[in-house]
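*Asks:* Sequence isn't available, so here's the structure alone:
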């Protein structure tokens, strides 16, 4: 493309994204010249609400006693790297992980709420700029498409919790919008709406489809009309998705061995993580897990069980306090529905993906929108903390057993010479996938938008 | 000379291609400095009046060695005067030459030459060093916008190796693009390039950047322009570009300007400004130098063997103008479409709806001449037309309930529908919108300003809607593809600088200015001129007058183009709101002709639509022929395009039996109205006896609560402003309003205890109040479930609960608030604010430890009126409240409302629902004025919806009832007429009958058939 010669119509614009079809785009060779991308796919484990870094990846045994985490640091497989005891199972897989303890939100306040913070993670851009930015997964779909045409290129599991309005398509064509499975994948009989035949038996669907193809004469003389061709191809693809066994299998959790399902944990989180692996294995380009244990009688007092531990973070059960508080409705961080299930699912996922060779070309990112205050507040909780928090990465050439960055004695501020932002996280994903960030996307108005323009790939991940 | 000409004629085959006269540009060559150049252009005038570019064939002979001419470019060598003889094809012309200053230094300028050279070679393009990260550690500003940054990067960056002042030729700035050193960007420069001379000269002179005070470039001119027809055998044109500077000096910059084409398969230009036409068609070459841009429109014609203009009939000026272009470019138009196709097309275009099967049958059988024009006339007169076109207007005006709460979205939407219904002249409509003041619920047009949140947005929206110009880029920098400058942007802003929109009201303030962000200068409102403003003149009125005066370059063209695009699926300028010289109309004569006629008609939109629909151009078939298959922009055939989201939803409903034809709506409404009147009369007749009994019942109650009143929402920021005028937290007066005509207490007698209350805009603060009456002292308990919200509760003005200090509603538990009351009336006030996510509010009131007093069966409002607590003397109110609460009345009214609002028809509501189905098919979210918000592109997601979605399943659910009573053969006819406006072909009929007979369950089989037909391309496309 020439300096000014960008497409001048919406249709051209769409065509570029989808290689002439508005179907889910086939993989395109739109990669940075000369380099083989390290990652084919990306699995993001978004633990929403602000996971306390102090109680997980960044233990602070020397913090003042009254603010210290009660959970002791434990050694991991790699000398010198310590987690808290809440990550006992994950500690066994540290050889696959790079832990980044110097994540920060550079502009205070922008992402310091859950809706904005979640949008920040989804899009890799500080919300509120002149253009609404699409999710990273949508950009990836737009830029490099997918190899598995029977599946959406960007899937979120289940993606229907509190932050469902914070996924964005921005200025990109609609076919790059996130596909959300919805529902409770751990429950028996769960199916994905829209991808499974609804209320029509397969044989009847076949009869209908046969009738359709025998009656669909097209527009004689106008077969080459663009929309006519696109309609035919998108219908073929949709029919394929509805009837293709591979599509069904990608979501078919009961087909997994019971032993394996148990290893992930039989609750919601474990099964969502397992579904993440299945989708990656089935060829989905970009998968985000955004799950939390649903309220259930097993966890009385638990409502919205994300990581927003403003109250009673170390409660052995619910975090509800007398008179109410903003952190009610969770369970204490050490409990099963919180870090218990997370540690188990994350460890099982790393092990399982490694065993299947999936880590070779899948970038796995364990992320959260911010950390939590080094000080314990008067409701025995920890509030939002955007100055420093921890991410973990694995796969696609990410070095194992590596620690990046350092925070101060209380875990409040970064003291290492390097600090990384959510924009850097996004840039790292694009770089791993071989997406050229110097090549702009275009809004319908023609404005050039560069993916993760304010970010730089985190060098230690390469 | 005359002899020569004759001889030339004799030898030049074919004779018609030989010039009779040549002309040289410039007529006089002035070279005013050592480095000055002049691009010469030789134009030959042919015998038939056409012109041809002969520059490449001409010989240039200078009278002395003052100048040298190479490839048509004259260069100075020493001062003096001479003549240049230009000869070609036996003709010659003499051009005076004047060189001065050849001996004086002429240092290379950084801002006007070096940056232009970098742009010319593509160095600072968005994909190279102009990207935000730069490339290879070398970063330049995009297209040289930021001279300071570029200076830093070029002269001091890269460890000083980019420019080598001692050995200029060793500078990385040259070695890299010359590929004398490895360059990821490849070879970008050749020693012969003008840019090489500029860059090398600049470095050799010391890489000076101190030219900030040198005269700025104030504009460029391009020869020839503004348009040119290129024809074989010489489909070429050398351009000459001259830059004019602030001090009046001029410089030939042909070699430093960049050339971009809008259609590279039709016409292209090389780096030296030589344009070549490749195939018949049209395209614009945009010439850019620094931040100045001019476009030249080229039409490339070629003789196609065997082409014969078929001379199709012309119905009106539309055909004359469309045919003119088709004939020039030798494109044969398609045949006229058949009757069924026309009927379906014109119904969808004008009303959004399919014709009924009966309508199709009658039209196909009609043999009287002029039947197509009659359909156009009757559709233009229909209610459906006004509603559907109103919907399209409302899309662009951002009419949505979130931006325009309190019923104002509905008001604005029906205003836009009404403008079509009454055929309000478009200039009147635009003026009434752009100059509107007042409250949005009383002056519907004022909602235009209220729907648009900021002044920048207002500037951009107005320009895009009424001027077809996307000027948003010019907010931060001069527009990269058009001559919209930052000054223009803030001058349009100045038009609206005094408009204030608050609390649903638009006022024109006495003061307020727009300032240029860089200079802080107060801007003169567009399009006025500098100098004192006419005293007291409303800036908006002046702008609207300028806009709507016939001859305005934008107004009529933009609207004509929008109407055209709605009817053809593509604008004459496309996209419709992107008018700029680098995006030329595909048929300028058509656009200009229609715009002039539209002005002359008094901006009569129905007249314009009728004119277009009556043309043969509109009634063409979509099938192509050998000579128009590749035409996509000249309107030689109909464009098959997917139905819009709303059209599709209604079409499926009509074929599937879920939607009744609109013709039945009015009789049905009349019937319901009569029934309703009867029911109301019956209530009124029985009122006195009913009232006496009811009062007795209420008096016996120990305890009761009146209806809810609600006001709000208020955004967090506005709260303070409201509480200055009226502070509901200090006392509640139901008769009081915030401002006259502003937000009122709204009666919500329909909100029952324990039910989820639907706050209109859950994101803002609301106040809720109701009266509670206790016969004797007691304590009531309010269970308030206000998840994710802040909550305050007052009883008779005293704060009894505050979630900031007291308990909050939990995820499963509501808050319990005790309300101790003496005998008599008490007022509860709730404030709900700052919800994190959609607010959920439920309130139930019970006596402490007891159950609510039930059993009277009256609405809270009636109870309140009966006891006379709220306001005395309202027996009319009581009748009204009783009528309102009667279930039968309510259900009748509901049905009537649905009928009159046409709630079931997506194409018939200017404020349609935003359903999953509609959104999937590209229904615009109405958040911007861009026509591109509506996406008509087919996607996989849509295909899944069509094949497997609940909306389609629901809409074809009635197919068996709709067609089941017909015989199989009649059924096949009926369903084909409904879906396609045609009878099935024998082959198709056989397939349908076969399927119906094979399937065991006929109802299911009919649904299958409906499902299959609505999934065919013939159905999904308008063609």
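*Replies:* It's in. This is a predicted model, so every value here is computed, not measured.

*Asks:* Only C-alpha atoms from now on, for both contacts and neighbour counts.
*Replies:* OK.

*Asks:* Can you list phi and psi of residue B:258 for me?
*Replies:* The phi/psi pair for residue B:258 (degrees, to the nearest 10) reads phi -110, psi 150.

*Asks:* For it, give me its contacts.
*Replies:* Residue B:258 sits next to B:119-120, B:271, B:287-289 when contact means Cα atoms under 8 Å, 6 or more residues apart in numbering or on different chains.

*Asks:* and with 6 Å instead?
*Replies:* Counting by Cα atoms under 6 Å, 6 or more residues apart in numbering or on different chains, residue B:258 touches B:120, B:287-288.

*Asks:* Out of these, which sit inside helices?
*Replies:* Among these, the residues falling in helices (DSSP state H) are residue B:120.

*Asks:* Need the contacts of residue B:258 in TSV (columns: neighbour count, distance to residue A:236 and pLDDT).
*Replies:* Shown next, in TSV, are these (neighbours: other Cα atoms under 10 Å in any protein chain shown; distance: Cα to Cα, whole Å; pLDDT from 0 to 100):
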residue	neighbour count	distance to residue A:236	pLDDT
B:120	26	46	91
B:287	25	45	93
B:288	25	46	91
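
*Asks:* where are the low-confidence patches of chain A?
*Replies:* Scanning chain A with the threshold set as pLDDT under 70 gives A:1-35, A:323, A:445.

*Asks:* Could you break it into its assigned domains?
*Replies:* Split into domains by automatic domain parsing, chain A comes to A:10-193+A:251-461, A:196-245.

*Asks:* part of a strand, is residue B:832?
*Replies:* Yes. Inclusion of residue B:832 in a strand is indicated when DSSP: H, G, I helix; E, B strand; the rest coil is applied.

*Asks:* quick one: it and residue B:815, what's the gap?
*Replies:* 13 Å (Cα to Cα, to the nearest Å).

*Asks:* Please apply the same query to residue B:143.
*Replies:* Distance from residue B:143 to residue B:815, by Cα to Cα: 61 Å.

*Asks:* The helix ranked longest in chain A near chain B anywhere?
*Replies:* Criterion DSSP H: the longest helix present in chain A is helix A:226-243. Yes. Among the residues of helix A:226-243, A:227, A:231, A:234-235, A:238 lie within reach of chain B under Cα under 6 Å from any Cα of the partner chain.

*Asks:* nearest residue to residue B:167 other than its sequence neighbours?
*Replies:* residue B:204 (7.9 Å; Cα to Cα, 6 or more residues apart in numbering or on different chains).

*Asks:* Give me the pLDDT value at that neighbour.
*Replies:* The confidence metric pLDDT takes the value 89 at residue B:204.

*Asks:* okay, the domains of chain A, which one's buried deepest?
*Replies:* domain A:10-193+A:251-461 (a mean of 21; mean count of other Cα atoms under 10 Å in any protein chain shown).

*Asks:* Now do that domain: distance to the chain's middle.
*Replies:* In terms of Cα atoms, centre = their mean, to the nearest Å, the centre of domain A:10-193+A:251-461 is set 5 Å apart from its chain centre.

*Asks:* before we move on, what about stretch B:300-316?
*Replies:* 35 Å.

*Asks:* Only the buried residues of it, if you could.
*Replies:* By neighbour count with 16 or more other Cα atoms under 10 Å in any protein chain shown, stretch B:300-316 contains the buried residues B:300-302.

*Asks:* who touches it?
*Replies:* So stretch B:300-316 is in contact with B:229-232, B:277, B:280-281, B:329, B:615, going by Cα under 6 Å, 6+ apart.

*Asks:* Can you pick out the most distant pair from these?
*Replies:* Using Cα to Cα, the contacts of stretch B:300-316 span at most 32.5 Å, a distance reached by B:232 and B:615.

*Asks:* Quick check on the two: which one has the bigger neighbour count.
*Replies:* Taking other Cα atoms under 10 Å in any protein chain shown, residue B:232 and residue B:615 do not tie; residue B:615 has more neighbours (20 against 16).

*Asks:* Tell me where the model's unsure across chain B.
*Replies:* Looking at chain B by pLDDT under 70, you get B:1-16, B:477-481, B:483, B:529-537, B:715-744, B:760-764, B:808-812, B:835-840, B:848-856, B:869-874.

*Asks:* Could you list the residues of it in contact with chain A?
*Replies:* So chain B meets chain A at B:125, B:127, B:131, B:575, B:622-624, B:641, B:806-808, B:811, B:938-940, B:943-944, B:1008, B:1012, B:1016-1018 (Cα under 6 Å from any Cα).

*Asks:* which residues are in contact with the helix or strand containing residue A:349?
*Replies:* Element membership for residue A:349 (DSSP states H and E) is helix A:341-355. With contacts defined as Cα under 6 Å, 6+ apart, helix A:341-355 is touched by A:87, A:89-90, A:264, A:270, A:359.

*Asks:* which among those gets closest to chain B?
*Replies:* Nearest to chain B out of the contacts of helix A:341-355 is residue A:270 (Cα to the nearest Cα; 24.1 Å).

*Asks:* following the helix or strand hosting that closest one, which helix or strand comes up?
*Replies:* Per DSSP H and E, residue A:270 falls inside helix A:268-281. Going down the chain from helix A:268-281, the next helix or strand is strand A:286-290, by DSSP H and E.

*Asks:* Neighbouring strands of that next one in the sheet, and parallel or not?
*Replies:* As defined by DSSP bridges, the strand partners of strand A:286-290 come to strand A:41-46 (parallel), strand A:154-158 (parallel).

*Asks:* And for that strand, what's in contact with it?
*Replies:* By Cα under 6 Å, 6+ apart, the residues outside strand A:286-290 that reach it are A:41-46, A:137, A:154-157, A:159.

*Asks:* With stretch B:352-367 instead?
*Replies:* B:347-348, B:388, B:647, B:651, B:907, B:977-978, B:981.

*Asks:* Please point out which parts of that stretch sit buried.
*Replies:* B:352-357, B:360-361, B:363-364.
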